[in-house]
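>>> below are the sequence and a predicted model; questions follow.
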Amino acid sequence: MDLVKVSKQRFQVMIDDEWESLLTEVSSFCTTHDISILNMDEIFVVSGRPRHNTKQNTNLHHYHVELFYTVIDMQLQELNNRFSKENTDLLLCMACLNPSNSFVAFNKEKLIRLAKFYPSNFLGTDILALDSQLQNYIFDMRSNDFFLELQGVRELAEKLVSTRKHEIYPLVYLLVKLALTLPVATATVERSFSE
């Protein structure tokens, strides 16, 4: 999630400060490789279209505003669509299930918030029971040698079942299952809408 935030910030820096350096770099490349360079103050000509009905813009305007800004805006929009505040919050909550490094990412409050994303799976009383299960679960996991070397949520799910801990912590196990199925469900929904 930090990389998404950094990417958004970098795109903004590109918009604010990096057009001139990009133009200089492209011009230098063209000069080095004997590629003709457009005069940026001339009118941009759309090949194959008659000039009399088209809007007259300079090459600079076309490449700077119509291409550079548009491409960056499209990238920002894609990041914002995929990583909305709600999606980001959901992913950050799911990350708390990661067993790597002795469950260093564990955060009980975020896992309870994750459960609240699934009101049909976790009723009000289940949230209270989950709170208690999470307290016992993390002590158990950190003190149990079977769980020390796990690298991901999939391995955690397998180990919970093989040690029958999924029966001791059924609500935690339900969170793990939901975390594992969310990427599949999201991809299926996206694929359905894109067809």
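Perfect, thanks for sending it.
>>> what residues are up against residue 8?
76, 79-80 (CB atoms under 8 Å, 6 or more residues apart in numbering). Backbone N, C-alpha and C define where each C-beta goes, glycine included.
>>> for it, pull up the helix or strand it's in.
Taking DSSP states H and E as the definition, residue 8 sits inside helix 2-17.
>>> quick one on the thing from earlier: rank the contacts of residue 8 by pLDDT and give me only the lowest.
Comparing pLDDT over those, the lowest score belongs to residue 80 (82).
>>> report the spatially nearest residue to it, omitting neighbours in sequence.
residue 8 (7.9 Å; CB to CB, 6 or more residues apart in numbering).
>>> swap in residue 118?
residue 178 (6.0 Å).
>>> could I get the contacts of residue 8 as JSON lines with neighbour count?
Listed next are those as JSON lines, based on neighbours: other CB atoms under 10 Å:
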{"residue": "76", "neighbour count": "16"}
{"residue": "79", "neighbour count": "15"}
{"residue": "80", "neighbour count": "13"}
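>>> any low-confidence regions in the chain?
Screening the chain residue by residue with the criterion pLDDT under 70, one finds the ranges 48-54, 183-195.
>>> next, count neighbours for the residue nearest to residue 118.
18 (other CB atoms under 10 Å).
>>> that one contacts residue 122, doesn't it?
No: with the criterion set as CB atoms under 8 Å, residue 178 and residue 122 do not qualify as a contacting pair; they are 9.5 Å apart.
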